[in-house]
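Asks: Based on what follows, work out the 3D shape:
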Amino acid sequence: MCACVLQCILGVALHNGNQPMSRSTVKEKIKAKPKDVKDTELVRLAKGGDTDAFGKLMLRYQNKIYRLARRMTDTDEDAEDVLQEAFIKAFKSLRDFRERSKFSTWLYRITVNLGLMKLRRKKLDSVSLDEPITTPEGAVQRDIEDDALDPLERLVETESLEILDEAINGLRAGYRAVFVLRHGEGLSTEETARILKITVPAVKSRLHRARHVLREKLLELSRNQRDRG
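Replies: Here you go, the predicted structure:
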């Protein structure tokens, strides 16, 4: 992210009414060894309106958030929009962040939600992805075994990034979110559930379905590319 975009995002955030405030000890540490400063220290400075601290957080996470946004959306332009919207929303909402989870988890949740909103606006995809099972005791969430990914992993390793990206973009929004967080970002099932605010069984259910759909899509795209070649 270029400096002008960073300034633009911070400018929008400051327009929300925050005023700069600094804590000299931590700020000296930031200048001396910025990589050693914990997210929690930067967050607390930023909560006081310190734009330098928030800028450090942006620089620390911009690549991860852009990568997540790109996998959640269909185009580079959409990903850039989500990236900027995520940081603006994070800055404006920072005072409400109670630090019960990691800053990265909170920021991922914001990014995923914005990515899903953009997909739904474009595709009007509002169908529930996790139909519950009806029992005499009421509706219960499906709990599907989190089986091995070996066949899909072999396909992923042999296909080009272009084919893989096209296949992931073909996933429905909720499946894509789970697959990207689990296998793109390497998050655990539990952390994925916290970010998406769904149950662990729901994560397993969506992931199982996403793997199946992605495997079929990769095979189809691969065959089509060979036929065209």
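Asks: so V213 sits in a helix?
Replies: Yes. V213: assigned to a helix according to DSSP: H, G, I helix; E, B strand; the rest coil.
Asks: can you pull out the helices in the protein?
Replies: 3-14, 24-32, 39-47, 51-72, 76-93, 103-123, 150-158, 161-169, 173-179, 189-196, 200-228 (DSSP state H).
Asks: Show me what the fifth one is packed against.
Replies: It refers to helix 76-93. helix 3-14, helix 51-72, helix 103-123 (3 or more CB pairs under 8 Å, 6 or more residues apart in numbering; DSSP states H and E). Bear in mind the C-beta positions are built from the backbone N, C-alpha and C, glycine included.
Asks: again, 10 Å this time
Replies: helix 3-14, helix 39-47, helix 51-72, helix 103-123 (3 or more CB pairs under 10 Å, 6 or more residues apart in numbering; DSSP states H and E).
Asks: Enumerate every residue touching the residue nearest to W106 when sequence neighbours are not counted.
Replies: Once flanking residues are discounted, W106 sits nearest to F97: 5.7 Å by CB to CB, 6 or more residues apart in numbering. For F97, the contacting residues are 43, 46-47, 90, 103, 106-107, 110, by CB atoms under 10 Å, 6 or more residues apart in numbering.
Asks: cutoff 8 Å now
Replies: The neighbourhood of F97, defined by CB atoms under 8 Å, 6 or more residues apart in numbering, consists of 43, 47, 103, 106.
Asks: What about the residues you listed, which one has the most neighbours?
Replies: Highest neighbour count within the contacts of F97, by other CB atoms under 10 Å: W106, with 22 neighbours.
Asks: Quickly note the distance from it to E216.
Replies: Counting by CB to CB, to the nearest Å, the gap from W106 to E216 is 34 Å.
Asks: Same check on E190?
Replies: 28 Å.
Asks: Next: R60.
Replies: Taken as CB to CB, the span from R60 to E216 is 37 Å.
Asks: Tell me the pLDDT of R172.
Replies: R172 is assigned 87 on the pLDDT scale.
Asks: Show me the shaky parts of this structure.
Replies: 1-34, 123-162, 225-229 (pLDDT under 70).
Asks: care to break it down by domain?
Replies: 3-123, 133-228 (automatic domain parsing).
Asks: Out of the helices of the chain, which is the most enclosed?
Replies: With neighbours taken as mean count of other CB atoms under 10 Å, these reach their highest mean count in helix 173-179, at a mean of 24.
Asks: who touches that one?
Replies: Against helix 173-179 from outside (CB under 8 Å, 6+ apart): 71-72, 112, 115-116, 119-120, 123, 125, 129-130, 168-169, 171, 192, 196, 203, 206-207, 209-211, 213-214.
Asks: mind running it again at 6 Å?
Replies: Helix 173-179 is contacted by residues 112, 116, 119, 125, 129, 203, 206-207, 209-210 when judged by CB atoms under 6 Å, 6 or more residues apart in numbering.
Asks: Which of the residues you listed sits closest to A79?
Replies: Among the contacts of helix 173-179, L119 lies closest to A79 (CB to CB), at 11.7 Å.
Asks: And the residue nearest to the closest one when sequence neighbours are not counted, how close does it get to K38?
Replies: What sits nearest to L119 in space, not counting adjacent residues and going by CB to CB, 6+ apart, is A173, at 4.5 Å. Using CB to CB, we find A173 at a distance of 33 Å from K38.
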